[in-house]
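Q: here is a sequence with its predicted model. Questions after.
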Amino acid sequence: MLQSQLFGKTRKEAPSDEVAKNAKLLIRAGYIDKLQAGVYTYLPLGFRVLKKIEAIIREEMDAAGGQEILMPSLHPKDNWETTGRWDSMDDLYKVQDSSGRENALGPTHEEVVVPLAKQFVFSYKDLPLALYQIQNKFRMELRAKSGILRGREFIMKDLYSFHRDEADLAAYYEKMKGVYKRVFERMGIGAVTHLTFASGGSFAKYSHEFQTVTPAGEDTIHVCTKCGIAINQEVVADQKACPECGSDELTQEKAIEVGNIFELKTKYSAPFNLTYKDEEGKDQPVIMGCYGIGLGRLMGTIVEVLADEKGIVWPEEVSPFQVHLIDLSGKNEELKKEVQDVYEKLSAAGVAVLFDDRDLRAGEKFADADLLGISMRAVVSEKSLAAGGVEVKYRAEQEGKIVSKEEFFKLFVR
RNA sequence: CGGGACGUGGUGUAACGGCUAACAUACCUGUUUUGGGUACAGGUGACUCCGGGUUCGAAUCCCGGCGUCCCGACCA
């Protein structure tokens, strides 16, 4: 991709109405644009990152036996009345069409996925089952805030699991803890993301959240210094010690919830009467769990946690491009050909490269490269050629190094 | 939804109730420059959020609305 052609430009200053670091940097770097409070457009760069995050999550969900589907956002009122949430859910968006028919804009999909499962789940042989989707959700937040961290429309992965009994649910639930842990490790925030005990509501003792420690967080958690497990503020009141290892050495931190897992049991299968026949031919209720990850929030969290004073720092797996190639040839036509050649070879090899071909000064290009935060920067210039080839610098590191062109291309061989 | 702050070219800011709403940046033309946001010249771009009111005169004062952000309550 030629940077001169890229839709979206960097800017020196963030809009005055953005305070959150994630929104300031993502807007300045041209990743997102705000349409209204809590509603953002993903520009090409931002959409690339989103797709990277999505790909990682999809890979992990598929590996965990999930089958991907796509449910609608427009939900008939009836389904929401069946569960009682048409009236009880304060942040439900309700829309009325010109015929007077009412719908909800989906904030979560139990009301759709349970009736769906009812179409195909009849027997214990049909269980267990795990369905998931990655899709836009709508919630009328009383107050959208913190940039991309709390929006009114946001992209979420929601997986629903169906089981024949609580033991099977418990086993799957445990498995998902590990799956989630791996997801956040791949996002580069594993070290500061803690499995957190949270309130389970009326039907389970606990649910679990995955909380990433950052000053931008809006939750307070208490992290066990021994085992790294955390307890949510709401739970810590009657649970003073770590439920995992028993230690009472807890440190208080601000954190943002990037994922949660929840034992639903029969909360939603019951109102829709979702049952299956066991080996004796008797009807049994289907036991459910649900598992969510907010993708946009995750993207914002990565920015919050990893960015430095110069700009965004993407981990390799979510970087919008594999390499940011900087052309510093200036008026040197021969050198320009050299850089062009590097760009074409990389592209031909299938490497995702952003090529800064713009007619700008070096300082400006470096400043932009730091702001964009692509994980690897490569410079071809008189200076680099004189020193042996290509200067490679990783965004997360301070110093670059010169490698020969051959070595440089080898970096991309998988 | 309660409390607070704010709304001026794309962006960031300035302007006592009084000249043609100023500056920077971005953008366009040209020259210049090329390893950490280059310099110069010229140029485009604003019904000062919307609607009322006060006044000889409103970006500025008053009322109402809308919007944005922050704090709180609520929440992936």
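A: Done, it's in.
Q: next one, pLDDT for the spatially closest residue to residue A:111 that is not a sequence neighbour please.
A: Spatial nearest neighbour of residue A:111, chain neighbours left out: residue A:79 (4.1 Å); criterion: Cβ to Cβ, 6 or more residues apart in numbering. All C-beta spots, glycine's among them, are computed from the backbone N, C-alpha and C. Residue A:79 is assigned a predicted lDDT (pLDDT) of 96.
Q: residue A:79 belongs to a helix?
A: Yes: per DSSP: H, G, I helix; E, B strand; the rest coil, residue A:79 lies within a helix segment.
Q: what sits against it?
A: By Cβ atoms under 8 Å, 6 or more residues apart in numbering, the contact set of residue A:79 is A:111-112, A:115.
Q: cool, residue A:88 as well?
A: So residue A:88 contacts nothing (Cβ under 8 Å, 6+ apart).
Q: hmm, back to that, closest one of the contacts of residue A:79 to RNA strand B?
A: Distances from RNA strand B to the contacts of residue A:79, taken as Cβ to the nearest atom of the strand, are shortest for residue A:111 (14.6 Å).
Q: which SSE is that closest one in?
A: helix A:110-120 (DSSP states H and E).
Q: which helix or strand in chain A has the lowest average pLDDT?
A: helix A:233-236 (a mean of 82; mean pLDDT, DSSP states H and E).
Q: that's a helix at residue A:209, yeah?
A: No: read with three-state DSSP, residue A:209 is strand and lies in no helix.
Q: circling back: got the contact list for the helix holding residue A:111?
A: Outside helix A:110-120, the residues that touch it by Cβ under 8 Å, 6+ apart are A:69, A:71-72, A:75, A:79-80, A:82-83, A:85, A:104, A:106, A:126, A:129, A:131, A:160, A:162, A:264, A:267-269, A:272-274, A:286, A:288, A:290.
Q: ChimeraX command for the buried members of these?
A: Per 16 or more other Cβ atoms under 10 Å, the buried members of the contacts of helix A:110-120 correspond to this ChimeraX selection:
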select /A:71,75,79,80,82,83,85,104,106,129,131,160,162,264,267,268,269,272,274,286,288,290
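Q: which regions of chain A sit below the pLDDT cut-off?
A: Scanning chain A for pLDDT under 70 picks out A:201-203.
Q: and residue A:54, helix, strand or coil?
A: What three-state DSSP gives for residue A:54 is helix.
Q: could you report the separation of it from residue A:184?
A: Here residue A:54 is placed at a distance of 15 Å from residue A:184 (Cβ to Cβ, to the nearest Å).
Q: of these two, who's got more company?
A: A side-by-side neighbour count of residue A:54 and residue A:184, using other Cβ atoms under 10 Å, places residue A:184 first with 24 against 17.
Q: residue of the stretch 251-400 of chain A with the smallest distance to RNA strand B?
A: Residue of the stretch 251-400 of chain A nearest RNA strand B, by Cβ to the nearest atom of the strand: residue A:363 (2.3 Å).
Q: how close does that residue get to residue A:370?
A: Taking Cβ to Cβ, one finds residue A:363 at 11 Å from residue A:370.
Q: so between these two, which is more surrounded?
A: Using other Cβ under 10 Å, the more surrounded residue of residue A:363 and residue A:370 is residue A:370, with 20 against 8.
Q: tally up the residues packed near the residue lying closest to the more buried one once chain neighbours are set aside, please.
A: Nearest residue to residue A:370, sequence neighbours excluded (Cβ to Cβ, 6+ apart): residue A:310, at 3.9 Å. Residues lying near residue A:310 (other Cβ under 10 Å) number 14.
Q: contacts for stretch A:330-350 next, please.
A: Residues outside stretch A:330-350 that contact it (Cβ under 8 Å, 6+ apart): A:323, A:325, A:327-329, A:353, A:355, A:357, A:378, A:380-382, A:385, A:390, A:405, A:408-409, A:412.
Q: let's see which of those end up in helices.
A: Assignment to helices by DSSP state H places the following of the contacts of stretch A:330-350 there: A:382, A:385, A:405, A:408-409.
Q: rebuild those residues as JSON lines, extending it with distance to RNA strand B.
A: Converted to JSON lines, those look like this (distance: Cβ to the nearest atom of the strand, whole Å):
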{"residue": "A:382", "distance to RNA strand B": "6"}
{"residue": "A:385", "distance to RNA strand B": "8"}
{"residue": "A:405", "distance to RNA strand B": "13"}
{"residue": "A:408", "distance to RNA strand B": "13"}
{"residue": "A:409", "distance to RNA strand B": "18"}
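Q: counting neighbours, which of these comes out on top?
A: Counting neighbours by other Cβ under 10 Å, residue A:408 comes out on top of the ones in helices among the contacts of stretch A:330-350 with 21 neighbours.
Q: contact residues of the stretch 301-414 of chain A facing RNA strand B?
A: A:310, A:328, A:330-331, A:359-364, A:366-371, A:379, A:381-384, A:391, A:393, A:400 (Cβ under 7 Å from any atom of the strand).
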